[in-house]
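**Q** predicted coordinates and the sequence they were generated for:
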Amino acid sequence: MNSETIKETVDFLKHKGFHNPEIGIVLGTGLGQLVSHIDIALEVDYADIPNFPVSTVEFHSGKLIFGTLENKKVVVMQGRFHLYEGYSLQEVTFPIRILKALGIQKLLVSNAAGAINLNFKKGDIMLIEDHINLQGGSPLAFKNVSEFGERFTDMSEPYDLNMRHSLIEIAKNNNITLHKGVYTAVVGPQLESKAEYRYLKIIGADAVGMSTVPEVIVANHLSLPVIAVSVLTDECNPDDLKPVNIAEIIAIAGQAETKMITLFKELIKL
Ligand code: HPA
């Protein structure tokens, strides 16, 4: 990656009409319905955006959308790139650099995750307060990283405190249970073994998933305030572990999605 590739992609999108978005949103697995609330001005398939990786997971539609939500100009990633699809961490996070270069001032991220904390139930929502990176690499580990920001990026508060406080208030006012916790990112795509779920609990994880942490690291690299929420789709109880059912995970994400949409819409209004 270099500044030329970023410029080429940004020029392409600006030329298409992606003008001055204020807020960027990343929609995770099974969480595409927010799009139906947007007054859409433009949408472009990832496959048609120069330098974008191409999404291969069939339930991700893989589109960049520009439009208006709650009177704010938003740019939405419907579907994201995962390490488990074979992309590098630089590729996975390239779109975040593009959104920032387009002008967003805030980033809202969502994902589907497994509940390690067994006080949390499937269908619940968790506000990510902190994370553990178990993906075995960093999206900032490349030669010319200092052209783009501070190499030794601070991670003392990766998730924006103001937006977190606002989201907690919003959840209260809308009677939405919003847990708070630590999200751990693994590579996947295989789910965890019982021993791995036990290990994740011991190291302090409340939820586990296969995304988000690289995007959040890059947002911090770009000094872009970011917030992230997990929709908890399964309960990862090592003492009573059932075989994974991906269709059920996606269905649960869909059912819990209305809560996430309320939270994001109210946050965007502020
Ligand atoms: N593990 C990893 N990723 C996940 C899970 C899980 O249990 N559930 C949803 N995404």
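**A** Right, received. Where do you want to start?

**Q** spell out the secondary structure type for the closest residue to residue 17 other than its chain neighbours.
**A** Distances taken as CB to CB, 6 or more residues apart in numbering place residue 42 nearest to residue 17, at 5.2 Å, with adjacent residues excluded. C-beta coordinates here come from the backbone N, C-alpha and C atoms, glycine included. Assigned with DSSP: H, G, I helix; E, B strand; the rest coil, residue 42 falls in the strand class.

**Q** cool, residue 132 as well?
**A** strand.

**Q** dig out what it forms beta bridges with.
**A** Bridge pairing for residue 132 (DSSP bridges) gives the partners residue 184.

**Q** hmm, it is touching residue 205, no?
**A** Yes - counting by CB atoms under 8 Å, residue 132 touches residue 205, with 6.1 Å between them.

**Q** between these two, which contacts overlap?
**A** Common contacts of residue 132 and residue 205, defined by CB atoms under 8 Å, 6 or more residues apart in numbering, comprise 182, 183, 184.

**Q** need these in CSV with distance to the ligand and neighbour count, can you?
**A** CSV is the format used below for the shared contacts of residue 132 and residue 205 (distance: CB to the nearest ligand atom, whole Å; neighbours: other CB atoms under 10 Å):
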residue, distance to the ligand, neighbour count
182, 14, 19
183, 10, 28
184, 9, 26
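
**Q** around the ligand, which positions in this structure sit nearby?
**A** Residues of the chain found near the ligand (CB under 6 Å from any ligand atom) are 112, 113, 114, 191, 192, 208, 209, 210, 233, 234, 236, 249.

**Q** ok, those vs the ligand, which is closest?
**A** residue 114 (2.4 Å; CB to the nearest ligand atom).

**Q** what about the helix or strand containing that closest one, distance to the chain center?
**A** If you go by DSSP states H and E, residue 114 is part of strand 106-115. Centre-to-centre, strand 106-115 and its host chain are 4 Å apart (CA atoms, centre = their mean, to the nearest Å).

**Q** with that, I have no additional questions.
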